[in-house]
Every structure is written in C-alpha cells, then in structure tokens.
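S.K.: from the sequence below, what's the structure:
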Amino acid sequence: MDYKITTPVLDNIGGYKDLVYVKPDSQENQKDALEQMATYFKREFKFDTLQYCKEEHQEKCTGVIFTERAMDLVETETHYPHKIIGGACFWEQESGDYTLDWIWIHPFARNRKKLKEYWPILKEEFGEFTLSPPISAQMSAFLEKHA
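M.R.: Now for the predicted structure:
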C-alpha cells in the first residue's frame with residue numbers, strides 16, 4: 001500500500017498564525033487543506049466516510065487547521081508560508097454548545113506539545129465542548145492530563 005502524508009502549504013493566511021478557522025466563506029485553499037487532513041484522519045482510523053468535505057461545508061461547522069511557520073519556504077520579508085500540520089472540525093449544537101467531531105495531527109508533529117498548546121485556544125473559542133466518540137487511546141490519555 002502506498003501511503004503518503006503530504007503537508008499542504010498556505011501562503012496567504014495573513015501573518016504568523018498557528019490556528020486558522022475555516023468557515024463556509026473561507027478561501028478554497030484553506031478548505032482544501034482541511035479536507036486533506038480529514039482524509040488522513042479517515043485513513044488512519046479506517047473510517048468509511050470522510051468527516052469533512054469542502055463541497056458540503058455547513059454553517060454550523062467550523063474547521064480548524066493547525067499550522068507552523070515554513071521558514072525554509074520564505075521568499076521575501078513579507079512572505080509568511082505555513083505548513084499545515086493538522087486539522088479538526090467543531091459542530092455547533094442546537095443548544096449553542098460545540099462538539100469536537102474529529103481532530104488529526106500529522107505524525108511528525110505529534111509528541112511536540114502542539115495539542116497542549118492549542119487546547120486552551122480551542123477552549124476559549126468553542127467553550128466547554130464535548131467530543132464525538134469514538135475517542136482514541138491517545139486522545140483519552142491526553143484528556144486525562146489536560147482537559
């Protein structure tokens with residue numbers, strides 16, 4: 001089986017950002033990157049369906065793409081390329097609360113405290129959100145320590 005994990009690069013997110021929120025009116029390249037992360041999530045966890053499809057992005061869905069600066073790709077002083085290292089989708093419920101539907105971080109970006117760094121930012125943005133099952137062993141261990 002040929003399995004590649006290509007890291008998309010975004011050039012136009014406006015400065016240095018670690019998180020980019022993806023909504024129905026977001027740029028196509030951001031939706032493409034989020035869909036690619038959902039594809040990797042689907043493959044790793046052997047799901048039957050894709051958890052995010054850019055063609056079906058709904059108002060109650062907010063995607064998140066996790067980035068890190070791609071300093072090796074900088075061309076000018078005002079060029080801020082970012083490698084996409086993961087993604088997630090949150091769904092707003094009828095109550096107004098959010099549910100984290102899925103989250104995936106590139107294997108090379110795991111165990112580097114990235115999710116620990118992002119978690120308070122996600123809590124600030126989405127409040128005391130719940131998680132959709134199933135929850136992986138790795139996520140359960142993370143939640144025991146940090147949630």
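S.K.: gap between the two ends of stretch 91-111?
M.R.: 26 Å (Cα to Cα, to the nearest Å).
S.K.: buried ones in that stretch?
M.R.: Judged by neighbour count (16 or more other Cβ atoms under 10 Å), stretch 91-111 contains these buried residues: W91, E92, Y98, L100, D101, W102, I103, W104, I105, H106, A109. All C-beta spots, glycine's among them, are computed from the backbone N, C-alpha and C.
S.K.: list just the nearest of these to D25.
M.R.: E92 (15.8 Å; Cβ to Cβ).
S.K.: distance from the helix or strand hosting M139 to the middle of the chain?
M.R.: Element membership for M139 (DSSP states H and E) is helix 137-146. Distance, stretch centre to chain centre, for helix 137-146: 17 Å (Cα atoms, centre = their mean, to the nearest Å).
S.K.: which residues are in contact with that helix?
M.R.: Applying Cβ atoms under 8 Å, 6 or more residues apart in numbering, the contact partners of helix 137-146 are I103, L115, K116, W119, L131, I135.
S.K.: phi, psi of the residue most central in space within the chain?
M.R.: For the chain, the residue sitting closest to the mean C-alpha position, by Cα atoms, centre = their mean, is G87 at 1.4 Å. In terms of degrees, to the nearest 10, the main-chain angles of G87 are phi -160, psi 170.
S.K.: quick one: contacts for the closest residue to it other than its chain neighbours?
M.R.: Spatial nearest neighbour of G87, chain neighbours left out: M37 (3.0 Å); criterion: Cβ to Cβ, 6 or more residues apart in numbering. M37 sits next to Y52, I65, I84, G86, G87, A88, W104 when contact means Cβ under 8 Å, 6+ apart.
S.K.: mind pulling up the pLDDT for the fourth one?
M.R.: The model reports G86 with a pLDDT of 96.
S.K.: also D2?
M.R.: 63.
S.K.: try I5
M.R.: For I5, the model assigns a pLDDT of 82.
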